[in-house]
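[1] 3D model of this:
(one chain, ligands or ions: 1)
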Amino acid sequence: MGYLITLEGGEGAGKTSILKRLVPFLEQLGHPVVSTREPGGIEISEQIRKVILDQNNMKMDARTEALLYAAARRQHLVEKVIPALEAGKVVLCDRYIDSSLAYQGHARGLGIPEILSINKFAIDKYMPDLTLYFDIQPEVGLSRIESDGNREVNRLDVESIKFHKAVWEGYQMLVQQYPERIQVIDADNEIDAVVQAAQEAVLAFLEKNKEKGDR
Ligand code: TYD
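    The predicted model follows:
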């Protein structure tokens, strides 16, 4: 079995650029890597992504939103993540279950335990082996994406600052809840420094598992 490593954080934390730089780093260490993202990553889940993030769907109910994310997650897991893990690869995934717990569970007010429960149904035993949480204050993250003209703006980006603060709070709760799995990385820094911190966290995780002779 390979490893499932997820990248998490609020808007503008820089996950996507960091993920791109983690791929060659892991490959140089001799690990075959698959990089992917949620919601999406494969055809059916990309279709679900369009429905979820469409700015015309402002009337979408919060539970519908949560179920659609979980549905997209399930299909992506089955078609892409599980086969890669079974082939011994390191899967780097831009967002996963913690996004649902922070955004739908806490920020939308549906409850972290409730969202955990529907997601357990979707993911079964596939909790992440390691999660890198890129921590940034919502004001800073949002100002970064505002100045990035190339970025698509979606239905969740246009939520109020109050919503994004609640997302941040949700992530803090998850950091408390899963201290072993979630590594916090300060993302309010130069990209090179953030990438280096992310590489160190991944390396420490791989070393620890090698020592344990886990896999
Ligand atoms: P995306 O453009 O991929 O955002 P980012 O670059 O910030 O990752 O859009 C994904 C949006 O969906 C983002 O606002 C976070 C949100 N989201 C949830 O609310 N719940 C989830 O389970 C996932 C995976 C994403």
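[2] quick check: residues of this protein near the ligand?
    Contact residues (Cβ under 6 Å from any ligand atom) of the chain with the ligand: 11, 16, 38-39, 53, 69, 94-95, 99-100, 103-104, 154, 156. C-betas here are computed from N, CA, C, even on glycine.
[3] what's across from Thr36 in the sheet?
    Counting by DSSP bridges, Thr36 is bridged to Cys93.
[4] number of residues surrounding Val184?
    Val184: 17 surrounding residues under other Cβ atoms under 10 Å.
[5] buried sites along stretch 1-16?
    For stretch 1-16, the neighbour count (16 or more other Cβ atoms under 10 Å) marks 2-15 as buried.
[6] equivalent analysis for stretch 69-87, please.
    Buried-residue list, stretch 69-87, by 16+ other Cβ under 10 Å: 69-77, 80-82, 84-85.
[7] quick one: stretch 58-78 to chain centroid distance?
    Its chain's average C-alpha position is 14 Å from that of stretch 58-78, according to Cα atoms, centre = their mean, to the nearest Å.
[8] show me the contact partners of it.
    36, 38-42, 44-45, 48-49, 51-52, 96-97, 99-100, 104-105, 108-110, 115, 118-119, 121-123, 126, 155 (Cβ atoms under 8 Å, 6 or more residues apart in numbering).
[9] ok, the residue nearest to the spatial centre of the chain - contacts?
    Taking Cα atoms, centre = their mean, the centroid of the chain lies closest to Arg95, which sits 1.6 Å from it. Neighbour list for Arg95: 6-8, 15, 37-39 [criterion: Cβ under 8 Å, 6+ apart].
[10] mind running it again at 6 Å?
    Arg95 makes contacts with Glu38, as judged by Cβ atoms under 6 Å, 6 or more residues apart in numbering.
[11] how about Gln183?
    Contact analysis of Gln183 by Cβ under 6 Å, 6+ apart lists 132, 201.
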